[in-house]
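1. below: sequence and its predicted model.
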Amino acid sequence: MPTPLPKLEEMTDILDLKDIQAWDLRWVWALAASLAAILIFLLLRSLWRRPRKAKAGAGAPLSPLEAALKKLDDLVNSRLAESGQVRRFYFSLSDLFREFIERELEIPACEATLEELRPKLKTSPWLDLDRVREAVGLLELADMAKFAQYVPPRDELVKSVKLARAWMTQVAEGRARALAESLARKEANA
């Protein structure tokens with residue numbers, strides 16, 4: 001049987017309702033404003049410092065030869081070939097060599113296959129037949145290492161790096177010399 005409810009005088013656990021008190025939210029607004037001020041300060045500081053870093057490291061842009069030789073040195077220092085990553089080594093060597101051709105000789109080489117690149121190299125006014133053969137030979141070796149999983153002996157790797165360095169240097173210097181001579185002839189005729 002259900003128990004009867006106690007009388008109101010006997011209930012001591014029920015209390016009267018209290019008035020609703022308003023919270024003081026000024027501290028929340030002060031905290032939000034402080035955080036916003038700190039974020040704005042950090043953002044402005046990073047924006048103010050960024051141009052300084054860019055100006056300090058920028059200097060003159062590297063010539064195609066300087067950029068290619070730096071990448072070649074970085075590739076040799078990466079020691080990919082010594083760690084057994086010959087395919088990756090030749091991918092990088094081929095990329096930097098093609099990029100040099102594209103920047104220095106203005107021949108679209110990065111996206112071209114070797115068969116598409118060969119006639120363009122032959123028609124370049126800056127390359128003689130020996131330079132074309134050397135470039136094609138280096139790119140053929142790189143393609144064999146990249147796609148046919150040919151692992152050339154260690155001395156061939158060293159020879160490839162030396163050939164790339166010498167080829168790029170000779171082509172850039174020969175082109176610069178020819179441009180200087182052409183400019184001198186134009187000035188002499190003017």
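-> Nice, I can see it.

2. how about low-confidence regions in this protein?
-> Residue ranges of the chain with pLDDT under 70: 14-15, 50-59.

3. grab the longest helix from this protein for me.
-> helix 154-189 (DSSP state H).

4. helices or strands next to that helix in the packing?
-> helix 64-78, helix 86-105, helix 129-147 (3 or more Cβ pairs under 8 Å, 6 or more residues apart in numbering; DSSP states H and E). Every C-beta, even on glycine, is put in place using the N, C-alpha and C of the backbone.

5. distance to residue 49 and mean neighbour count added to these, as a markdown table?
-> As requested, the helices and strands packed on helix 154-189 are exported to a markdown table (distance: least, Cβ to Cβ, whole Å; neighbours: other Cβ atoms under 10 Å):
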| stretch | distance to residue 49 | mean neighbour count |
| --- | --- | --- |
| helix 64-78 | 26 | 16 |
| helix 86-105 | 32 | 20 |
| helix 129-147 | 42 | 17 |
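
6. what's the closest of those helices to residue 25?
-> helix 64-78 (57.9 Å; Cβ to Cβ).

7. can you tell me how far the residue sitting nearest the centre point of the chain sits from residue 131?
-> Nearest to the mean C-alpha position of the chain, by Cα atoms, centre = their mean, lies residue 71 at 11.5 Å. For residue 71, the distance to residue 131 (Cβ to Cβ, to the nearest Å) stands at 20 Å.

8. check the secondary structure at residue 120 for me.
-> helix (DSSP: H, G, I helix; E, B strand; the rest coil).

9. how about it, what does it touch?
-> 107-109, 112 (Cβ atoms under 8 Å, 6 or more residues apart in numbering).

10. could you dump these to a markdown table with neighbour count?
-> Below are the contacts of residue 120 laid out as a markdown table (neighbours: other Cβ atoms under 10 Å):
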| residue | neighbour count |
| --- | --- |
| 107 | 18 |
| 108 | 13 |
| 109 | 24 |
| 112 | 16 |
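
11. possible to save those as a markdown table with distance to residue 157?
-> Shown next, in a markdown table, are the contacts of residue 120 (distance: Cβ to Cβ, whole Å):
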| residue | distance to residue 157 |
| --- | --- |
| 107 | 26 |
| 108 | 28 |
| 109 | 22 |
| 112 | 24 |
